[in-house]
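Chemist: Any chance you could fold what I've pasted below:
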Amino acid sequence: MSQTLPLLITEAAAMSVAGVGFHRYEMGPALIGVGADATVVIVAPGDNPGVSGVQDSTKVLLRGEPVPALHERFAFRDAPPIHLFADLGGGCLPLGTARCRGRSWSPAGFNHADLELDQPLSRAMLDAVRPVPEPGPVPGVGWVDHVETDPVRALESFVLGWFPTEETEPAKEATAEGDLDALPTALAAFHRLARLRPALHRFHNPMLKQPKRACGPYGDRLVFAMDNQGVRDWSIPWPQGEQDEADPRVWLTEDPDDPAPETILEEEPLSRFLLQFTLNEAMNASPYHAWTYCTPTTRLDGLWSVLRPIPLSPFLPTYTAEKFFVAPGLLTQVSSDEKEAVVSFGALHRGTLTPLLEHGFHWSRFDG
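Modeler: Numbers count the residues shown, from 1 in each chain. The predicted structure is shown next:
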C-alpha cells in the first residue's frame, strides 16, 4: 500500500504556528520563526549529510552563521516546542515536533543545533524531504579474485577503488623509503599505498606511520597498528626469523602496557590480516551505514544472491568474529552463530543501501 503525504501548507501558515510576537531568522538554508507559542523551523529538502536539513527519519541538523538570539529557543529543557517543516517548493510539509539534542554552548557562537523528531518520518515523507540520489559509479569487486593467491594485490586494488584520491602527504610525514625496504612486503606495500590514499592513516584504529619496537611475552616485536584507546595493539615478531620473514604471523596484544600482557595469535598472516584490518576500517569510515538488530540466521538467505563472500577467516575471533562480504560499492560484516546474526553494511553512496529495504530487516540504524 502506497503511503500518502500530509497536505502541504503555505510558508505563512507554517510560520503562524510560532504564535504572536513573531520574529524571523535564517540559519544557513533554514528559516526559523520565533513566537510566543513555539519555534518553527523550515528546512530545505535535499540529501545533505552533515549540513542543514533532514539526515534520516529522526535527525535534523541546523548549521549556519551564528544567531545569538536563538540560543535559548533551543535549550534542552523548558524551551517552547519546536515544529519542523520542509519547503517542497509548492508548499511546506509538516514533519512534526522535535527536541534539541545538541547545540552550541555559547550564545554568541550559536551556529548549530541537532534536532530529534518525536515521531520518525515515514518512508514516503523521508523520500520527499531527503530524496535518495542514484549511486553513480561504484567500485567493483574483482579484487576478491586475488585474495587467496595474492592478498597484497587484492589490498591494493580494493584501496585504490574504495578510497578517493586526494592531495598526497609530504614525503617527510611518511615512513622513509629505506625503512620500507626493511619491512615485510605486505606492510611496506600498505605504507606505499598510504602515500596514494592518505585516508589509510586516518583509520579509527590507527596504523602507525612509524612502526615501533616493543617487548612481549614471546620476545621482541614490531608494533604496526593500535586500538584507538591504546588497550591493544598488533605486531609481528622482530627481528623476523627466516621461516616467516616473507609473511609473518600477527600478534594481538591485550593491555600492552601491562607487565604481563595477554598475546593472541591472529588467524591470518600479515598480508591477509592487513586486508582484514583495512576492510574493517573502511567499514568504520564509510559515509553511510546500516545495522540490523539480532535476527534469525535464516533471514539472511536473500542476501547471498547479492553479496560475494571474501575468503578470509573471521576478524577478531575472540570478540565479534565478523565475516566479510562485498558487493559493488557495499561492504558487509556478519557476526553470527547457527541461529542468530547481526549484519552491518557500509556504503560510499546512500543509494547503494536503499535496495536493502526490500529484505525487511529490523534496523538499529539505516542511512539509506
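Chemist: and residue 33, bridged to which residues?
Modeler: Per DSSP bridges, residues listed as beta-bridge partners of residue 33: residue 24, residue 40.
Chemist: For the nearest residue to residue 340 once chain neighbours are set aside, give me its contacts.
Modeler: Distances taken as CB to CB, 6 or more residues apart in numbering put residue 294 closest to residue 340, at 5.2 Å, once the chain neighbours are dropped. In short, each C-beta sits where N, CA and C put it, glycine included. Residue 294 sits next to 340, 341, 342 when contact means CB atoms under 8 Å, 6 or more residues apart in numbering.
Chemist: got a list of contacts for the top strand by length along the chain?
Modeler: What stands out as the longest strand in the chain, according to DSSP state E, is strand 92-103. Around strand 92-103, the neighbours that count as contacts under CB under 8 Å, 6+ apart are 5-6, 8-11, 13-14, 41-42, 54, 60, 71, 74-76, 79, 81-86, 110, 112-119, 121, 125, 128-129.
Chemist: among these, which are in helices?
Modeler: 11, 13, 14, 125, 128, 129 (DSSP state H).
Chemist: Given the helix or strand harbouring residue 325, what are its sheet partners and their directions?
Modeler: Assigning secondary structure by DSSP states H and E places residue 325 in strand 323-327. Using DSSP bridges, strand 323-327 pairs in its sheet with strand 308-309 (antiparallel), strand 330-336 (antiparallel).
Chemist: quick one: low-confidence ranges for the stretch 201-350 of the chain?
Modeler: 218, 241-244 (pLDDT under 70).
Chemist: At which residues are the strands of it located?
Modeler: 207-214, 221-226, 232-237, 249-254, 262-269, 288-292, 295-296, 308-309, 323-327, 330-336, 340-347 (DSSP state E, counting those that start in this stretch).
Chemist: So residue 22 sits against residue 38, correct?
Modeler: No. Between residue 22 and residue 38 there is no contact under CB atoms under 8 Å: 10.3 Å.
Chemist: So for these two, which residue has more residues nearby?
Modeler: Between residue 22 and residue 38, counted using other CB atoms under 10 Å, residue 38 has the larger neighbour count: 19 against 15.
Chemist: before we move on, the earlier item: need the winner for burial among the strands paired with strand 323-327.
Modeler: strand 330-336 (a mean of 22; mean count of other CB atoms under 10 Å).
Chemist: In PDB, could you pull the C-alpha coordinates for that strand?
Modeler: This file holds the C-alpha atoms of strand 330-336, laid out as PDB (Å, rounded to 0.1, in the frame of the first residue of the first chain):
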ATOM      1  CA  LEU A 330      29.000  -2.000  -0.500                       C
ATOM      2  CA  LEU A 331      30.900  -3.600   2.400                       C
ATOM      3  CA  THR A 332      29.200  -6.100   4.800                       C
ATOM      4  CA  GLN A 333      30.200  -7.700   8.000                       C
ATOM      5  CA  VAL A 334      28.200 -10.600   9.500                       C
ATOM      6  CA  SER A 335      28.600 -11.800  13.100                       C
ATOM      7  CA  SER A 336      26.600 -15.000  13.500                       C
END
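Chemist: Okay, residue 247 and residue 144: tell me how far apart.
Modeler: As judged by CB to CB, to the nearest Å, residue 247 and residue 144 stand 19 Å apart.
Chemist: just to revisit the earlier point, could you flag which of the ones in helices among the contacts of strand 92-103 are buried?
Modeler: Among these, those buried by neighbour count (16 or more other CB atoms under 10 Å) are 14, 125, 128, 129.
Chemist: these two touch, right, the first one and residue 42?
Modeler: Yes. Applying CB under 8 Å as the test, residue 14 and residue 42 come out as touching, 6.0 Å apart.
Chemist: Mind listing the shared neighbours of those two?
Modeler: With CB under 8 Å, 6+ apart, residue 14 and residue 42 have common neighbours 33, 85, 92.
Chemist: Distance of the first one relative to residue 362?
Modeler: Meaning residue 33. 37 Å.
Chemist: Identify the residues contacting the spatially closest residue to residue 59 that is not a sequence neighbour.
Modeler: Distance criterion CB to CB, 6+ apart; nearest residue to residue 59, sequence neighbours excluded, is residue 116 at 6.1 Å. Residue 116 makes contact with 58, 59, 60, 98, 99, 100, 101, according to CB under 8 Å, 6+ apart.
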